[in-house]
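S.K.: Below: sequence and its predicted model.
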Amino acid sequence: MPKIVVIIPAYNEEASIPYVIKEIPSIVDEIIVVSNNSTDNTEENARQAGATVLVEPNKGYGYACLKGMDYVASFKKNEQPDIVVFLDGDYSDYPEELTKIVQPIIEENIDFVVGARVKTLREEGSMTGPQIFGNWLATNLMHLFFRSKFTDLGPFRAIKYEKLLALKMEDKTYGWTVEMQLKALKQKLSYKEIPVKYKNRIGVSKVSGTVKGAIFAGVKILTWIFKYSFK
């Protein structure tokens, strides 16, 4: 089996994080939870559940992901992973589906896999109206400009570690997922979507659950798309 690490950005997810960690399949070599300046017991609960815990004081989804990547980059060369999986800490995804997410990489040599939150597998109310519209708009624009086949910006995703490094990820906040997909298209990585189940998260979303978060996320996503469309 290839070496697999999981990076989980988490901000105040004390109630959900133990469930997420517990349900990650045993094929994973290390689970890394990046506490994004949490003020509750997220860090302690993650440690007790068996994860490596890092702390990123700068708030932002991208900040947390980059912190996890910096940690992985510190591994000795012979200990670095083959695959990195990104997974949210709110328990809206089904962690056991990680095996489905990495399968195309292992068996088909695909570079990048996104878990697509298809309507038929989504629990009612698990995605807000702004989320659904934002996904539709972003993926249709990517199709228009890049002939992309993406249908979702789902956060549950896996990528070959060497390909992840080549993307030179930089977004610090809400544009992380779309940046990864745009750069994968630009660099002509092979990619695939896998339909995944999606349920109502534990707690309130820090992005789609607020008007400010939804607006900022939408602006950031569109900014990345138009930036790459006219490069």
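M.R.: Right, received. Where do you want to start? Numbers count the residues shown, from 1 in each chain.

S.K.: Wait, a strand at residue 31?
M.R.: Yes. Residue state for residue 31 (DSSP: H, G, I helix; E, B strand; the rest coil) corresponds to a strand.

S.K.: wait, what's in contact with it?
M.R.: 5, 6, 8, 21, 24, 50, 51, 52 (Cβ atoms under 8 Å, 6 or more residues apart in numbering). C-betas here are computed from N, CA, C, even on glycine.

S.K.: most neighbours, which of those residues?
M.R.: Most neighbours among these, by other Cβ atoms under 10 Å: residue 8, with 28 neighbours.

S.K.: Got the confidence number for the residue nearest in space to the middle of the chain?
M.R.: Centroid-nearest residue in the chain, with Cα atoms, centre = their mean: residue 155, separated by 3.2 Å. Note on residue 155: pLDDT of 95.

S.K.: which residue packs closest to it, ignoring adjacent ones?
M.R.: Leaving aside its chain neighbours, residue 155 sits nearest to residue 88 (4.9 Å; criterion: Cβ to Cβ, 6 or more residues apart in numbering).

S.K.: swap in residue 92?
M.R.: That would be residue 201: by Cβ to Cβ, 6+ apart, it lies 3.9 Å from residue 92.

S.K.: before we move on, what SS does residue 9 have?
M.R.: With three-state DSSP as the criterion, residue 9 reads strand.

S.K.: Could I get the contacting residues of it?
M.R.: 34, 36, 61, 64, 65, 68, 86, 88, 89.

S.K.: want to try a markdown table for those, with pLDDT, secondary structure and neighbour count as columns?
M.R.: What follows is these, written out as a markdown table (pLDDT from 0 to 100; DSSP: H, G, I helix; E, B strand; the rest coil; neighbours: other Cβ atoms under 10 Å):
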| residue | pLDDT | secondary structure | neighbour count |
| --- | --- | --- | --- |
| 34 | 98 | strand | 29 |
| 36 | 95 | coil | 25 |
| 61 | 94 | helix | 25 |
| 64 | 97 | helix | 28 |
| 65 | 98 | helix | 25 |
| 68 | 98 | helix | 22 |
| 86 | 98 | strand | 26 |
| 88 | 96 | coil | 20 |
| 89 | 96 | coil | 31 |
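
S.K.: tell me which of these is nearest to residue 109?
M.R.: Proximity of the contacts of residue 9 to residue 109 (Cβ to Cβ) peaks at residue 86, which lies at 20.0 Å.

S.K.: Report the beta-bridge partner residues of the closest one.
M.R.: residue 7, residue 157 (DSSP bridges).

S.K.: any idea how far it is from residue 169?
M.R.: Distance of residue 86 to residue 169, given as Cβ to Cβ, to the nearest Å: 11 Å.

S.K.: which residues are common contacts for those two?
M.R.: residue 65.

S.K.: Poorly predicted segments of the chain, please.
M.R.: Scanning the chain with the threshold set as pLDDT under 70 gives 204-217, 229-231.

S.K.: swap the cut-off to 90 and go again
M.R.: Residue ranges of the chain with pLDDT under 90: 1, 77, 128-138, 173-175, 201-231.

S.K.: Which parts of it are strands?
M.R.: 4-10, 30-35, 52-55, 83-86, 112-116, 157-160, 191-195 (DSSP state E).
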